[in-house]
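J.: Quick one: sequence plus predicted model below, questions after.
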Amino acid sequence: MTPDKVAWIREVSLLDAGCFLLCSFGLIAAAQVLGCMRIYVIQSLLLTIDCVLLALDYHSWDLLAVAAIYLIAKVLLIPFLLRRTARQAMIARRELQQVINVPMSLLIALALTVLAYYLVGPMLVHTGVIIHVNLPIGFASVLIAVYTITVRREALPQMLGLLAIENGAFFAGIAVAPTFPLVGELAAAFDILIIVMILGVLSTQIHHLSGSTEVGMLSELTED
Amino acid sequence: MLRMIAFNLIQVAVVMFLSPLAVGILNRLKERVAGKKGPSIFQTYRDIWKLFHKDQIFSSESTWIFRLTPYVCFAAPILVTMLIPVLTSYPLFMAFMGDMIGGGFVLALGGFFATIAAVDTANPYGPMGASRTRMVGFLAEPVFMVVFFTVCFVANSTIPYIVQQKWVHPESNFFDPSHILVAVAFFMLILAETGKIPVDNPSGHFELAMIDESKSLEYSGSGAALMKWAGCMKFFVLLCIFLNVLIAPWGLASGTGLDDVLLAIPVIFAKILIAIGLLVVVESSLAKLRLFRITAFLGVAFVVAVAAVLTRMLTA
């Protein structure tokens, strides 16, 4: 590959990383379940694109296969499964409840991003450009997604937060360990599909029993 | 030297006479998307022309501020036009008289006068809209500041002509995460500052829900015309900063001949049309936010802008 082309790949992957971080913030700010879901799908798509770019950069067939797994599992199957299993909660057009309001949450997310950059900083001394960008942004995305789970009061956004943690981890992972065994990725992807299925069914059950998927309302036991 | 002054004046003329057209096209496209026929794209010119031929009426309670405001509002975008690259990629006569922060101050001055003029007449709707505009304004202010910080970090300067070069030289700057983040934050700012749909509904005629429009309700005749024209120019100037300085500094004239500069006019206008297309998509697909959700909207813009600084500072 010509150096020109390598530079081009790096630049596009930088752009991709910026959008990826933006999606993490979006996951906190989205007001409805469907919006959360769309942002998650976009984030997964960005992860796939980044994976393809890294595959080109590292000349790695493994990563190309991983990208294919991501595309099928995260971009196509997960939204499909969620829509099938938790249709009611997914299309509910009401505002999501949050423990801490959106502007405050965003500021906290910002602080988490700074924290991620500082924590990762010492590890970046002798690394290439791609790790330099992917590792802190991936780590920040993980932290922000964990935060999303803690502040959201409803089952589905919490679940999407769980999936976003995994997106962030992979975003950092594919840059740090491009030769990670394919079996591992495959297992992880499969695991997630099963998790999505189970959680989807579970949240539908909750919806059946209590008429809503607001986990915040489920803090008290009922007597009967 | 004389040539540079002439180009500067051409820039001003372009902003003055093409901005109503840009607004007209935006309105027409929005109506078309909504399935209506829409007014002619030259309607804004006709409105301004008509208003100039009408009598002006002043409330007897109002003071000189009310009379002065249209001129201040009208002059502010023109002054900013002289500071920013509208047609040429090299600095013109006034380029070093003020940087982006200075330009921001000049625009804010116009906003300030519009606000106190709205309070001046004691019409109940004016102060309400004015105070809401201030609310949006002070929420937008930190975003502006942080965007300028990012720009400073990248270009080591806040002079628009220098900034605009730095985003594409070296090319890797263009693909930097901070670039896209700044672009997104500034786009949200434009929506908030020019009263576009997620923040304010520009075509609404219901005074209680107005944010930006109600400030100029009391004006009539040429005062109203100037206020309307000033709004168009502010919109055009912000789009020019967005496109020529922050996003796509292509298509600007690099030669010093008159033909180069004249040729740049259609290119710039084409770029603005693309931006207007984007605005139409945003305005037609979103609903207006509740007043207290605007904090969340501009909070997102702020966070995005700070993330831009962070990714630049901590990785560079």
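T.: Nice, I can see it. Numbers count the residues shown, from 1 in each chain, chains lettered A, B, ... in the order given.
J.: Going by C-alpha atoms from here, please, whenever you check contacts or count neighbours.
T.: OK.
J.: Leaving out chain neighbours, which residue sits closest to the residue in chain B positioned nearest to chain A?
T.: Using C-alpha to the nearest C-alpha, the closest approach of chain B to chain A is made by B:Pro177 at 4.1 Å. Leaving aside its sequence neighbours, B:Pro177 sits nearest to A:Gly18 (C-alpha to C-alpha, 6 or more residues apart in numbering or on different chains; 4.1 Å).
J.: Tell me who's in contact with the one you found.
T.: Applying C-alpha atoms under 8 Å, 6 or more residues apart in numbering or on different chains to A:Gly18 gives the contacts B:Asp176, B:Pro177, B:Ser178, B:Ile180, B:Leu181.
J.: and if we set it to 7 Å?
T.: A:Gly18 makes contact with B:Pro177, B:Ser178, B:Ile180, B:Leu181 under the criterion C-alpha atoms under 7 Å, 6 or more residues apart in numbering or on different chains.
J.: now that we have these, which one has the most neighbours?
T.: Highest neighbour count within these, by other C-alpha atoms under 10 Å in any protein chain shown: B:Ser178, with 30 neighbours.
J.: Helix or strand for it, just tell me which one.
T.: Assessed by DSSP states H and E, B:Ser178 sits inside helix B:177-193.
J.: State the distance from the residue nearest to B:Pro177 to B:Ala183.
T.: 11 Å (C-alpha to C-alpha, to the nearest Å).
J.: go on, A:Thr204?
T.: Distance of A:Thr204 to B:Ala183, given as C-alpha to C-alpha: 40 Å.
J.: what's the residue positioned nearest the centre of chain A in contact with, if anything?
T.: For chain A, the residue nearest the mean C-alpha position is A:Ala164 (2.0 Å; C-alpha atoms, centre = their mean). Contacts for A:Ala164 (C-alpha under 7 Å, 6+ apart) come out as A:Tyr40, A:Ala145.
J.: distance of it from B:Ala230?
T.: The gap separating A:Ala164 from B:Ala230 is 45 Å, by C-alpha to C-alpha.
J.: same question, A:Met90
T.: In this view, A:Met90 and B:Ala230 are 45 Å apart by C-alpha to C-alpha.
J.: and what of A:Val66?
T.: Distance of A:Val66 to B:Ala230, computed by C-alpha to C-alpha: 54 Å.
J.: circling back: give me the distance between the residue nearest to the centre of chain A and chain B.
T.: Distance of A:Ala164 to chain B, given as C-alpha to the nearest C-alpha, to the nearest Å: 19 Å.
J.: where does that residue land on pLDDT?
T.: Listed pLDDT for A:Ala164 reads 92.
J.: Repeat that for A:Glu223.
T.: Listed pLDDT for A:Glu223 reads 61.
J.: Kindly report the same for A:Phe171.
T.: For A:Phe171, the pLDDT comes out at 91.
J.: How about it, nearest residue that isn't a chain neighbour?
T.: Once flanking residues are discounted, A:Phe171 sits nearest to A:Gly138: 5.1 Å by C-alpha to C-alpha, 6+ apart.
J.: neighbours around that neighbour, how many?
T.: Counted with other C-alpha under 10 Å, A:Gly138 comes out at 29.
J.: same check, this time on B:Gly98
T.: Counted with other C-alpha under 10 Å, the neighbours of B:Gly98 add up to 20.
J.: That one and B:Thr81 touch, don't they?
T.: No. B:Gly98 lies out of contact with B:Thr81 (C-alpha atoms under 7 Å); the separation is 11.0 Å.
J.: Overlap in contacts, the two.
T.: Here B:Gly98 and B:Thr81 have no joint contacts, going by C-alpha under 7 Å, 6+ apart.
J.: For chain B, which segments count as helices?
T.: For chain B, the helices defined by DSSP state H occupy B:2-33, B:43-52, B:64-83, B:100-120, B:125-155, B:160-166, B:177-193, B:221-240, B:258-285, B:294-315.
J.: Using JSON lines, please lay out those helices together with mean pLDDT and distance to B:Glu213.
T.: Formatted as JSON lines, the helices of chain B follow (pLDDT from 0 to 100; distance: least, C-alpha to C-alpha, whole Å):
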{"stretch": "helix B:2-33", "mean pLDDT": "92", "distance to B:Glu213": "15"}
{"stretch": "helix B:43-52", "mean pLDDT": "94", "distance to B:Glu213": "15"}
{"stretch": "helix B:64-83", "mean pLDDT": "93", "distance to B:Glu213": "14"}
{"stretch": "helix B:100-120", "mean pLDDT": "89", "distance to B:Glu213": "11"}
{"stretch": "helix B:125-155", "mean pLDDT": "87", "distance to B:Glu213": "7"}
{"stretch": "helix B:160-166", "mean pLDDT": "83", "distance to B:Glu213": "29"}
{"stretch": "helix B:177-193", "mean pLDDT": "88", "distance to B:Glu213": "12"}
{"stretch": "helix B:221-240", "mean pLDDT": "93", "distance to B:Glu213": "10"}
{"stretch": "helix B:258-285", "mean pLDDT": "91", "distance to B:Glu213": "17"}
{"stretch": "helix B:294-315", "mean pLDDT": "84", "distance to B:Glu213": "17"}
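J.: pLDDT averaged over stretch A:100-109 - what is it?
T.: Here the average pLDDT along stretch A:100-109 is 88.
J.: Give me the buried positions along the host helix or strand of A:Gln43.
T.: Secondary structure assignment for A:Gln43, by DSSP H and E: helix A:33-58. Buried residues in helix A:33-58, counted by 16 or more other C-alpha atoms under 10 Å in any protein chain shown: A:33-57.
J.: in what helix or strand does the residue in chain A that chain B sits nearest to lie?
T.: Scanning chain A for the residue nearest chain B gives A:Gly18, at 4.1 Å (criterion: C-alpha to the nearest C-alpha). Using DSSP H and E, A:Gly18 maps to helix A:3-29.
J.: tilt between that helix and helix B:294-315?
T.: 140 degrees (axes from the mean of the first three to the mean of the last three C-alpha atoms, to 10 degrees).
J.: now helix A:3-29, how far from the centre of its chain.
T.: Taking C-alpha atoms, centre = their mean, to the nearest Å, the mean C-alpha location of helix A:3-29 is offset from the chain mean by 14 Å.
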